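Participant: Provided below for reference: sequence and predicted model.
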Amino acid sequence: MRLHFIAIGGAAMHSLAIALHKKGHTVTGSDDEIFEPSRSNLLKAGILPPAGGWFPERITFVLDAVILGMHAKKDNPELKKAMKLGIRIYSFPEFLFHETRDKLRVVIAGSHGKTTITGMVMHILNHYGHRFDYMVGSRLEGFENMVRLEKDSKIAVFEGDEYLSSCLDPRPKLHVYKPQIALISGISWDHINVFPTWDSYVEQFRLFIDALPQNGYLVYCQEDTELKKLVESANPRILKLPYSAHPYKVEGGTTFLIHEKTKTEVLVFGRHNMQNISGARLICNQLGITNDRFYDAIANFGGSAGRLELLGRNRSTSVFADFAHSPSKVEATIKAARDQYPGKKLIACLELHTYSSLNRNFLPHYLNTMAAADQAVVYYDPETVSHKKLELISTDEIAKAFGIGNLIVFTMRSDLEDYFLSRQWSGSCILFMSSGNFSGLDLKHLTSKILDENNS
């Protein structure tokens, strides 16, 4: 097929483009801006657009289809040309469904943990040599790309998020995949620019559940009160498999799963990851993986990039980065670090970067979410607020919303960097949390400097 990607630079879009190129399709694409690592990945694959911008002359009858990214607007000149010519237009999730419509589809959904659970399932299947298609929202060790589509595979494992499919398709992505096996990890209000009320957000998961086929499987976290209520009221024609946090214990900074009087050491930690492990195990059971084989393979799962990712450590100091940004994710991640390192001073630094987190009306949802940290730090860039066309929030408003007396708030990257480089962090665990990049701050370089200054 000849396929053209409008807005090829997105994390998932460029990964799909590379996967289809490797599959033998002719792939082209356009975008007004392409950031790293998408740029380097597309260049390596040989499909980086020769110039930035939109070029409607590239849209001709020679194309079999156009794949439309969420970044593209309705007035995009390439999109308008494709519509005028009547070329088939797919959203990203539509195309994934089209390519896997005859396969067993597994979709991992929920407000938090879906990337990690998807990664765990992929890791287990890969460990035992299973061939399968996948789409996951972060880099994973052992997988070259974030998307894979193969002709001979019989299973597809997709991370299903709630965000909209494209400017032409306002359905949340998780509604498009039509799985036979599904998992929901929990429900915590997010994306308020799309779902302005709690009820409108919860409704997306009700629709997802109702769309499951007769005798389809729904794995769900029963520790989430709202989700449990939603599942219990769902149609009885689906098979419901509840899970809770896997029994575990922490000894000397190491986490062990407890099962049938046996201990299995794992690399991931925190109660939320013990929930993720339980959910992944039930999904793997449905795919023919026994519990014994699951425990053997999960022991060397190192996590997904940016999910409690270890940036560096020395004898007394550890530094982690995490994608946490919504209130529930922030609280769970901080508690995980506290649980794993009870004897260390915990420094938690959060960047407010999303539309929700920078919205004055949403801020109160962060109340006490950073209370488990010894020192809480919040950073936000006023330019990001302006770019999202939101009202500027004050540092006093942030301090009040979080409800922490010693909260430190920074609005300049240089001040944030100086703060971490001007103090001794011996005996500390430092946790950076953001769905952004702290205005371009190189966290790995900063970590190296912190550890050099605290090399005891």
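Facilitator: Received the coordinates, thanks. Numbers count the residues shown, from 1 in each chain.
Participant: CA atoms for contacts and neighbours, from now on please.
Facilitator: Will do.
Participant: pLDDT wise, what is residue 456 at?
Facilitator: As predicted, residue 456 sits at a pLDDT of 49.
Participant: Just list the residues touching the residue nearest to residue 297 when sequence neighbours are not counted, thanks.
Facilitator: Using C-alpha to C-alpha, 6 or more residues apart in numbering and skipping the chain neighbours, the partner closest in space to residue 297 is residue 124 (5.8 Å). Neighbouring residues of residue 124 by C-alpha atoms under 8 Å, 6 or more residues apart in numbering: 284, 294, 297-298.
Participant: same thing but 7 Å
Facilitator: By C-alpha atoms under 7 Å, 6 or more residues apart in numbering, the residues touching residue 124 are 294, 297-298.
Participant: would residue 265 count as being in a helix?
Facilitator: No: read with DSSP: H, G, I helix; E, B strand; the rest coil, residue 265 is strand and lies in no helix.
Participant: tell me which residues form a beta bridge with it?
Facilitator: Residue 265 forms beta bridges with residue 256, as assigned by DSSP bridges.
Participant: Residue numbering should commence at 405 henceforth.
Facilitator: With the count now opening at 405, the last piece we talked about shows up as residue 669.
Participant: Identify each buried residue in stretch 501-512, please.
Facilitator: Neighbour-count burial for stretch 501-512 flags 501, 504, 507-512 (criterion: 16 or more other C-alpha atoms under 10 Å).
Participant: could I get those residues as TSV with distance to residue 541?
Facilitator: Output for those, formatted as TSV (distance: C-alpha to C-alpha, whole Å):
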residue	distance to residue 541
501	17
504	18
507	21
508	20
509	17
510	15
511	13
512	11
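Participant: Any chance of those in JSON lines with pLDDT as columns?
Facilitator: What follows is the buried residues of stretch 501-512, written out as JSON lines (pLDDT from 0 to 100):
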{"residue": "501", "pLDDT": "97"}
{"residue": "504", "pLDDT": "96"}
{"residue": "507", "pLDDT": "97"}
{"residue": "508", "pLDDT": "98"}
{"residue": "509", "pLDDT": "98"}
{"residue": "510", "pLDDT": "98"}
{"residue": "511", "pLDDT": "98"}
{"residue": "512", "pLDDT": "98"}
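Participant: Which of those fall within helices?
Facilitator: Members of the buried residues of stretch 501-512 lying in helices (criterion: DSSP state H): residue 501.
Participant: and the residue sitting furthest away from the middle of the chain, what helix or strand is that in?
Facilitator: Distance from the centre of the chain peaks at residue 465, with 36.3 Å (C-alpha atoms, centre = their mean). Counting by DSSP states H and E, no helix or strand carries residue 465.
Participant: just to revisit the earlier point, in a strand, the residue nearest to residue 701, correct?
Facilitator: No: the assignment for residue 528, made by three-state DSSP, is helix rather than a strand.
Participant: So it versus residue 670, what's the distance?
Facilitator: 14 Å (C-alpha to C-alpha, to the nearest Å).
Participant: And for residue 472?
Facilitator: Distance from residue 472 to residue 670, by C-alpha to C-alpha: 39 Å.
Participant: Comparing the two, which shows the higher neighbour count?
Facilitator: A count of neighbours by other C-alpha atoms under 10 Å puts residue 472 above the other of residue 472 and residue 670, at 28 against 18.
Participant: Neighbours of residue 516, how many?
Facilitator: Residue 516 has 22 nearby residues by other C-alpha under 10 Å.
Participant: which SS class is it?
Facilitator: Here residue 516 is coil, with the state taken from three-state DSSP.
Participant: Which residues are in contact with it?
Facilitator: 589-590, 733.
Participant: State the mean pLDDT of the helix of greatest length in the chain.
Facilitator: Longest helix in the chain by number of residues, with DSSP H as the criterion: helix 675-690. Averaged over helix 675-690, pLDDT sits at 97.
Participant: From the chain's centroid, how far away is it?
Facilitator: Centroid displacement of helix 675-690 relative to its chain, using C-alpha atoms, centre = their mean, to the nearest Å, is 16 Å.
Participant: which element follows it toward the C-terminus?
Facilitator: Criterion used, DSSP H and E; the element after helix 675-690 is helix 695-702.
Participant: how about stretch 647-659: buried residues?
Facilitator: 647-650, 652-654, 659.
Participant: ah, wrong one, I meant stretch 796-805
Facilitator: Applying 16+ other C-alpha under 10 Å to stretch 796-805 flags 799, 802-803, 805 as buried.
Participant: Quick check: residue 419 touching residue 548?
Facilitator: No: counting by C-alpha atoms under 7 Å, residue 419 does not reach residue 548; the two are 9.8 Å apart.
Participant: And these two? Which one has more around it.
Facilitator: Using other C-alpha under 10 Å, the more surrounded residue of residue 419 and residue 548 is residue 419, with 24 against 11.
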